[in-house]
Structures are given as structure tokens and as C-alpha cells.
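Asker: Okay, predicted coordinates and the sequence, questions at the end:
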Amino acid sequence: MSRYKIIVEYDGTPFSGWQRQDECDTVQQRLEEAVFPLIKTRVTIYGSGRTDAGVHALGQVAHFDLSNYNNCSKIRGCMNAHLSNIPISVISVEEVDPNFDARFSAVERFYLYKILNRRVRPSIDVNRVWHIPYELDVNKMNEAAQCLIGKHDFSSFRATGCQSSSPTKTLNKISVQKRGDIIAIEVAARSFLYRQVRNIVGSLCFVGNKKWSKQNFAEVLNAKDRTKAGPTAPACGLYLLNVKY
């Protein structure tokens, strides 16, 4: 039995998230179906994280096991051929140590959130950015965001339904930068709470439109109360960039 690591990119718009679900179209299901023509038996593919419905990935990592098969190029070719009409691409396939686990071996995950900050709505990037037509102060957003770095109780940014045993996480990096009309919010941590990034973005936009000050944002973090924070940013702007092992 050999273990394979794959790197995958996908447009999350048509899917009900990563995880296989009954009567729903998911990324995991489509990838598992793409392996089937090669070996004629079902495999289970384990991802580094369960992206929500509508969330995209540029570097999702996953693993699966196959017996008596070691042609990585053919695995990738077969999977991509089966996925040719579906917005999922297998970027790479490599054989790895049997102890590698896409989820539990990860030491850091990187996410990007994209806001289109201009008056005119998007045409090319529909379902790939959050369109905010009024001006946001990126510098104030970035300044406020720095209070999140380090180990904190992130209950204020934890969505209902989160299955994590603790609200305490360590955020390694967060930055807010303007790139043309795009505001790019990048975050890095070993792991995240359910919808943590989207809830942080929603609250940072309150700082950007000057509804909140930097101090107000810090008070929201310290309140440890989801009702004190801003709205959940839409899924369409969120991307899993890559995973470090």
C-alpha cells in the first residue's frame, strides 16, 4: 500500500464545501470519483481542511492510499481527465511516507481573503471576491488586525457549530494590503476555528469604514463573545492558499 499526496486547486462556487455529504456535490466526492477509473475501487481522500461551501483553494493538500500502483504522472493525468469539465485541477501527485497525513502533519495553513473595493461591481471576478462599493481604510484595518497575532481566545470570531474543543488559537500572521482595487487579507496559523477568517474579515470592515476604532476592535477580541463582533464575510472571497508541512 502506497500513500500519495496531491495538491489541488478549485473554484468552490458550485460545491457544498470539501467534505463528502449525502445528496450534495462536494470537492472530496469529485476527487474520489476521479481516482476510481484508474483502479476500479473506491478510495477515501483526506484533505488538510474542510473548506466551506463557496470557498476556493489554490493549494489544498490531500492524501490517499493505493495498493500496487506507483505512477504519479498517470494518477494526475487520469484524475484531471475525469475532472476536465469540473472546476477542480490536480496540480501535483507525489508518493510520500505512509505516516504523512494531510491534516494532522500540517504545521501552518495560509488563507487569503479578497475584497474588491470599488464602486463598480465585478464582471470577471463574480463569486471570487467580496464586492464592497464604499471606500475602506486599509491602513486602519491592518493596524487593528495586528492585535490578533499570538495566542488568544477567539470566541468572538468563532461560528456556531464549531467543533473545536477550545476557542484558543495562535495566529502567526495577518496582513491587510491594497493591490489596485483589491484588498488582500492574508492570515496564517496552524489551525483555525470554524469560519474564523471570515468573521475576522467582517469585523475588520467595520474598522475600514470607520464604524469602529482600533481600540473597539481589540475590545471585541477581548469580549470573547460572537455577538459583539461584525458579520461573517461571504465565502466567495476566501481562498486556501497553501499548507506547510
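Answerer: Everything's here; your move.

Asker: all contacts plus neighbour counts: C-alpha atoms, from now on.
Answerer: OK.

Asker: Quick check: residue 183 is in a helix.
Answerer: No. When classified by DSSP: H, G, I helix; E, B strand; the rest coil, residue 183 is found to be strand rather than part of a helix.

Asker: residues contacting the closest residue to residue 231 other than its chain neighbours?
Answerer: Spatial nearest neighbour of residue 231, excluding adjacent residues (C-alpha to C-alpha, 6 or more residues apart in numbering): residue 202 at 5.0 Å. Residues in contact with residue 202 (C-alpha atoms under 8 Å, 6 or more residues apart in numbering) are 230-233.

Asker: okay but residue 164 is in contact with residue 191, surely?
Answerer: No. Between residue 164 and residue 191 there is no contact under C-alpha atoms under 8 Å: 10.0 Å.

Asker: Give the residue from these two that has the larger number of neighbours.
Answerer: Set side by side, residue 164 and residue 191 show more neighbours around residue 191, with 18 against 11, by other C-alpha atoms under 10 Å.

Asker: Look at the more buried one and tell me its secondary structure.
Answerer: coil.

Asker: how much space between it and residue 166?
Answerer: Using C-alpha to C-alpha, to the nearest Å, residue 191 is found at 12 Å from residue 166.

Asker: re earlier: is it true that the residue nearest to residue 231 lies in a helix?
Answerer: Yes. Counting by three-state DSSP, residue 202 is part of a helix.

Asker: oh, and call the first residue 668 from now on, that's how I've got it
Answerer: Taking 668 as the first residue, the last one we looked at is residue 869.

Asker: do you know how far the residue lying closest to residue 825 once chain neighbours are set aside is from residue 820?
Answerer: Nearest residue to residue 825 in three dimensions, chain neighbours excluded: residue 863, at 5.5 Å (C-alpha to C-alpha, 6+ apart). Distance, residue 863 to residue 820, by C-alpha to C-alpha: 12 Å.

Asker: cool, and residue 789?
Answerer: Residue 789 is 36 Å from residue 820, by C-alpha to C-alpha.

Asker: Next: residue 708.
Answerer: According to C-alpha to C-alpha, residue 708 stands 44 Å off from residue 820.
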